[in-house]
Every structure is written in C-alpha cells, then in structure tokens.
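**Student:** All I have is the shape, not the residue letters:
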C-alpha cells in the first residue's frame with residue numbers, strides 16, 4: 001500500500017540545509033513505518049548557479065529563487081527554514097499564512113516578541129510546527145530524559161551545562177553573519193546556550209525562573225569574510241549565566257567560541273537526590289549514570305552505551321547493537337517523530353511554543369548581561385502550558 005506523499009521546500013542550503021536534506025533522504029530508508037513518503041522537492045535560494053549545484057549534490061528535484069511562487073504551489077506541503085536567524089521570522093510568517101507545515105531552525109527568532117507572534121500564528125492557523133533542536137533525538141539524550149521521568153535521579157538539585165568551541169580563538173578569523181547582532185541576535189549565547197536551555201527543559205522537565213549573566217566580546221573587529229574591509233563584532237564570544245529553575249534547583253551554563261582545543265564540546269550534567277547523569281555530545285551515544293541505589297561497594301559512574309535496539313530510542317532503526325550512529329542521524333530521528341505526530345494528530349515536541357520558552361530565557365539572560373542583575377524570566381502564559389517539557393510525545397521512540 002502506497003504512503004501519502006509530502007513534498008518539501010527547503011529555504012537555505014548551507015550547514016543546516018545540508019543536515020536537513022540528508023534527513024529527508026534517509027527517513028523512509030531507516031524508518032520503514034514512517035507514515036509518509038517524503039520528497040525533497042524544491043530547494044530555494046538567491047543565486048541560481050550555486051543553488052543548482054547544491055540541489056544536485058543534496059538530492060533536490062527542483063530549484064527556485066522565488067519563494068512566493070513556491071508558497072503558492074498547492075503541491076508543496078512543508079516549508080523548512082534553514083537560513084540565518086534574522087530571516088526566520090519573515091519566512092516563517094509567510095509560510096504559515098500560506099497554510100504550510102513549517103519547520104524552523106533554532107533559535108526560533110531574534111527575540112521573544114517575534115517568537116510569540118510566530119507561535120500564535122501557528123496556533124491560529126492550526127499548522128503543525130517543529131523547531132530543529134536535534135540533540136533531543138540522540139538515543140542517549142532521550143534515555144537521560146526517560147531516566148529522570150522514571151524517578152531514577154530523585155529530586156533535581158543542580159544542572160551544569162557547557163558548550164565549548166574554538167573557531168574564533170584566532171583574532172584574525174574572518175567575520176560571518178554569526179558575528180553581528182543585526183543578523184544573529186546574539187553570539188555564542190543564541191547559537192550554543194539555546195541548545196543547553198532546550199536540553200535542560202527536555203531532560204529535567206523544569207522551567208527557568210530567573211537568571212544572572214556575564215557576556216564578553218574578546219575581539220571587537222574582524223576581517224570581512226568577503227575580503228572587503230573590517231566588521232565590527234557586536235555579539236558575545238563567550239556567555240556565562242546562572243539560573244534558578246522552577247523547582248528551586250540551581251544551574252550554571254557556559255557557551256564560548258574561544259575555548260582553544262574544544263571543537264564541539266556540548267556537555268550537560270544533572271544531579272538529583274538519588275543520582276546523577278552526564279551527556280556529552282562528543283561521545284553522543286554514551287550516557288554516564290550514577291545511582292545511590294546501587295550497593296555501596298559498587299557505586300560509581302557507569303557508562304551506558306545507548307545503542308541497544310531493544311532498550312534505547314532510535315537505536316534499533318539503524319545498525320546491529322553497539323554500532324554507533326552520528327550527528328546527522330539526530331535530524332532523521334527528529335523528522336521521523338514529527339511525521340508520526342503529524343499522522344496521529346498528536347503534539348510534537350519541541351514545537352514553536354518550546355521555541356518561545358527558549359527565547360524567553362535567552363532574552364532574560366541578555367538583559368541581565370547588560371544590567372548585571374538577576375532577571376526573572378518573563379514567561380508568556382499563553383504558551384507556557386503548551387510548552388510543558390514533559391508532555392508525552394506520540395512516537396514510540398521519543399524517549400518521553
């Protein structure tokens with residue numbers, strides 16, 4: 001029996017566009033129970049030459065430099081926004097008004113006001129939405145959330161997260177769109193802390209109550225990547241913040257692009273009254289777990305290889321037990337879960353309401369970095385319930 005077809009149009013074809021393209025090609029191959037046949041139909045960009053080359057490389061049937069024409073097509077079901085942050089709002093609003101299913105890169109918007117408007121329109125139009133927080137869909141990360149949900153850590157007391165990169169350690173490294181507030185909103189904060197915020201909400205089921213922050217830009221001027229002149233850098237190279245969570249737990253976070261030797265060190269540790277866990281993306285298939293319930297002579301952190309198809313989310317859809325998966329698979333897993341939710345008409349997480357919750361923490365932290373005071377996170381009650389972190393997902397694989 002043939003599956004219903006979903007035709008996708010992807011806007012943008014750089015780093016995230018490549019990752020999303022791979023997910024569209026792979027989801028039906030590795031998830032045979034996927035309820036839809038996904039077709040990478042149209043790749044959308046501004047320059048016809050590079051666009052055609054990217055479409056051929058990434059497996060897209062058509063190209064277009066006219067987004068409005070693509071939105072007007074009745075055969076296009078999904079619009080995927082994989083562009084720089086400053087265009088997320090306009091592109092997403094256009095797609096929602098055209099009645100399309102919308103998938104958007106993170107952070108959702110430039111600020112909370114934009115994010116709330118996007119989420120409100122999606123709710124009004126009753127259009128399903130996804131925000132690409134792909135790290136949730138690593139088997140070990142989903143297992144971590146399930147262990148917390150099952151009470152294995154007891155009451156959560158502390159969370160500490162770090163996301164360390166080094167690609168801006170050299171002051172002569174050229175500037176990109178990620179280094180001006182006009183195009184990205186914030187630097188390492190919105191780029192990296194956004195992931196730590198989402199993983200905290202996902203794993204612990206807690207919200208952020210208040211924050212205090214410190215931001216630093218070490219290199220104020222960089223050469224333009226196009227070789228023409230100098231760019232004034234007005235976003236953070238490093239951003240640190242403390243937080244109090246909704247149950248009274250305390251948390252600390254650090255995001256930086258100048259940690260020499262660290263390429264993509266994304267680590268979160270959660271401590272509870274009964275145990276602890278650690279997930280580090282650079283060893284993404286492993287989960288460190290400690291439990292006071294173990295007998296004293298055997299207590300200590302153990303490393304769980306979360307690649308047992310019978311026990312760990314997503315693992316059984318790829319290779320034999322113990323054969324690890326990689327970064328690209330987290331996008332495929334997210335897409336599969338979304339399509340299952342789309343078919344069953346159950347809520348997918350994270351959606352635009354989660355994007356609002358994330359943006360509210362980002363904004364409060366930015367405000368604190370300027371005032372040097374504690375700032376309460378201004379939660380939008382309209383979206384707070386919709387963004388409850390531990391609402392059960394529809395997919396059997398989702399970990400929650």
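**Tutor:** Perfect, thanks for sending it. On a predicted model such as this, the values are computed, not experimentally measured, just so you know.

**Student:** Who does residue 211 form a beta bridge with?
**Tutor:** residue 243, residue 375 (DSSP bridges).

**Student:** what's around it, how many residues?
**Tutor:** Neighbour count for residue 211, taken as other C-beta atoms under 10 Å: 25. For glycine as for every other residue, the C-beta is placed from the backbone atoms N, C-alpha and C.

**Student:** Check the spacing between it and residue 319 real quick.
**Tutor:** Going from residue 211 to residue 319 by C-beta to C-beta, to the nearest Å gives 41 Å.

**Student:** Find the nearest non-adjacent residue to residue 300, please.
**Tutor:** Spatial nearest neighbour of residue 300, chain neighbours left out: residue 290 (6.8 Å); criterion: C-beta to C-beta, 6 or more residues apart in numbering.

**Student:** secondary structure class for the one you found?
**Tutor:** strand (DSSP: H, G, I helix; E, B strand; the rest coil).

**Student:** Looking at the chain, which helix is longest?
**Tutor:** Ranked by residue count under DSSP state H, the longest helix found in the chain is helix 352-371.

**Student:** Show me what counts as buried in that helix.
**Tutor:** Of the residues in helix 352-371, 352-369 count as buried by neighbour count, 16 or more other C-beta atoms under 10 Å.

**Student:** quick one: the helices in the stretch 301-400 of the chain?
**Tutor:** Taking DSSP state H, counting those that start in this stretch, the helices of the stretch 301-400 of the chain run over residues 327-344, 352-371, 381-384.

**Student:** how near is residue 57 to residue 176?
**Tutor:** 21 Å.

**Student:** Kindly report the same for residue 141.
**Tutor:** 28 Å.

**Student:** which of the two has more neighbours?
**Tutor:** Set side by side, residue 141 and residue 176 show more neighbours around residue 141, with 24 against 16, by other C-beta under 10 Å.

**Student:** model confidence over stretch 148-163, on average?
**Tutor:** Across stretch 148-163, pLDDT averages out at 98.

**Student:** mind checking how far that stretch is from the chain centre?
**Tutor:** Distance of stretch 148-163 from the chain centroid (C-alpha atoms, centre = their mean, to the nearest Å) equals 19 Å.

**Student:** ok, now stretch 98-114?
**Tutor:** With C-alpha atoms, centre = their mean, you get 12 Å for stretch 98-114.

**Student:** domain ranges for this structure?
**Tutor:** The chain is divided into the following domains under automatic domain parsing: 5-134, 139-321+350-381.

**Student:** of all the ones you listed, which lies closest to residue 333?
**Tutor:** Checking the domains of the chain against residue 333 by C-beta to C-beta gives domain 139-321+350-381 as the closest, at 4.7 Å.

**Student:** and the end-to-end length of the closest one?
**Tutor:** The straight-line separation of the ends of domain 139-321+350-381 (C-alpha to C-alpha, to the nearest Å) is 31 Å.

**Student:** Farthest from the middle of the chain: give me that residue.
**Tutor:** For the chain, the C-alpha farthest from the mean C-alpha position belongs to residue 297; by C-alpha atoms, centre = their mean, that distance is 39.4 Å.

**Student:** starting at the chain centroid, how far to stretch 122-139?
**Tutor:** 9 Å.

**Student:** show me what contacts residue 244?
**Tutor:** Residue 244 makes contact with 208-211, 250-251, according to C-beta atoms under 8 Å, 6 or more residues apart in numbering.

**Student:** try 6 Å this time
**Tutor:** Residues counted as contacts of residue 244 (C-beta atoms under 6 Å, 6 or more residues apart in numbering) are 209-210, 250.

**Student:** do the same with residue 274
**Tutor:** So residue 274 contacts 153-154, 292 (C-beta under 6 Å, 6+ apart).

**Student:** ok, of these, which one's closest to residue 269?
**Tutor:** Checking those against residue 269 by C-beta to C-beta gives residue 153 as the nearest, at 11.0 Å.

**Student:** Could you count how many residues lie near residue 75?
**Tutor:** 10.

**Student:** got the residue ranges for the strands in the stretch 51-200 of the chain?
**Tutor:** 62-64, 78-81, 101-104, 129-131, 156-164 (DSSP state E, counting those that start in this stretch).

**Student:** TSV for those strands, including mean neighbour count and distance to residue 21?
**Tutor:** Formatted as TSV, the strands of the stretch 51-200 of the chain follow (neighbours: other C-beta atoms under 10 Å; distance: least, C-beta to C-beta, whole Å):
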stretch	mean neighbour count	distance to residue 21
strand 62-64	17	13
strand 78-81	26	9
strand 101-104	24	12
strand 129-131	27	16
strand 156-164	21	25
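
**Student:** mind putting these in TSV, distance to residue 281 included?
**Tutor:** Formatted as TSV, these follow (distance: least, C-beta to C-beta, whole Å):
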stretch	distance to residue 281
strand 62-64	33
strand 78-81	23
strand 101-104	21
strand 129-131	18
strand 156-164	9
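
**Student:** Among the contacts of residue 244, which one has the most neighbours?
**Tutor:** residue 209 (18 neighbours).

**Student:** Helix, strand or coil: sort out that one for me.
**Tutor:** Residue 209 ends up strand, using three-state DSSP.

**Student:** Make sure it is actually in contact with residue 243.
**Tutor:** No: at 7.5 Å, residue 209 and residue 243 do not qualify as touching, with contact defined as C-beta atoms under 6 Å.

**Student:** re the thing from before, which of the domains of the chain sits closest to residue 330?
**Tutor:** Closest among the domains of the chain, using C-beta to C-beta: domain 5-134, at 4.1 Å.

**Student:** measure that closest one end to end?
**Tutor:** Domain 5-134 end-to-end distance (C-alpha to C-alpha) = 23 Å.

**Student:** now swap in stretch 242-260 and tell me
**Tutor:** End-to-end distance for stretch 242-260, by C-alpha to C-alpha: 23 Å.

**Student:** Over to stretch 63-73?
**Tutor:** First residue to last in stretch 63-73 (C-alpha to C-alpha) measures 13 Å.
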